[in-house]
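A.B. asks: Model the structure of this input:
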Amino acid sequence: MSEKNPFKVFVTHEFREDAEYNRVFEYLESRDNFFYLNFSDPEAQQADAAADVLQESLRAQIKLAEVVLLPAGMLTGKAGLVDFEIKVAQAFDLPIVLIQPFGGTMSIPKEAMEIAAEIVDWDERQIIDAIRRAARGEDTAQWDVIEFDMEDFKLDDDDS
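C.D. replies: Next up, the predicted model:
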């Protein structure tokens, strides 16, 4: 994946930015060499606009994405809009990555867990790996490199 082929994401938003919506982008931005296009636009409509106007705006945003990110904290807001976003994602056959509630402050409804392609914690590596797997089926196996000094592991003459 490169700058020329960024991941296309939609983050559920209910036409309002909140802490969890903004936190998703903080996590995505914190990872080097992860490129994405955000197709969610919470400012596209006024939240009090007619339902059909809101729904059409959401359809237009979601259809451009490869993956939908659903912060579980959004499930407590306007359930009708979140449910609609989920149904549109399913209609477009888009995978949904459910992000656990931040700080473990609530339980996730069973229905939300059943529609998720993946359920991840608030961890930039987990979120980005889930996007890669769900959107494009990429292998995300990674290894951490641990640096150490062999001198720290030498046996003293007294230890042998």
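A.B. asks: residue ranges of the helices in the chain, please?
C.D. replies: Taking DSSP state H, the helices of the chain run over residues 19-29, 51-62, 79-91, 110-115, 124-136.
A.B. asks: which secondary structure elements does the first one contact?
C.D. replies: It refers to helix 19-29. Secondary-structure packing of helix 19-29 (3 or more C-beta pairs under 8 Å, 6 or more residues apart in numbering; DSSP states H and E): strand 7-11, strand 67-71, helix 124-136. Placement of C-beta: from N, CA and C, glycine included.
A.B. asks: Could you give the average pLDDT over the longest one?
C.D. replies: Averaged across helix 124-136, the pLDDT comes to 95.
A.B. asks: deepest of the helices and strands packed on helix 19-29, which one?
C.D. replies: strand 67-71 (a mean of 26; mean count of other C-beta atoms under 10 Å).
A.B. asks: Which elements pack onto it?
C.D. replies: strand 7-11, helix 19-29, helix 79-91, strand 96-99, helix 124-136.
A.B. asks: which residues are in contact with that strand?
C.D. replies: 7-12, 20-21, 23-24, 62, 82, 85-86, 89, 94-99, 102, 112, 116, 127, 131, 134-135 (C-beta atoms under 8 Å, 6 or more residues apart in numbering).
A.B. asks: and it with helix 79-91, angle?
C.D. replies: Orientation check (axes from the mean of the first three to the mean of the last three C-alpha atoms, to 10 degrees): strand 67-71 against helix 79-91 gives 150 degrees.
A.B. asks: Would you mind measuring from the spatially most central residue of the chain to Ala60?
C.D. replies: A centroid search over the chain (C-alpha atoms, centre = their mean) returns Leu69, at 3.9 Å, as the residue closest to the centre. From Leu69 across to Ala60, the span is 18 Å (C-beta to C-beta, to the nearest Å).
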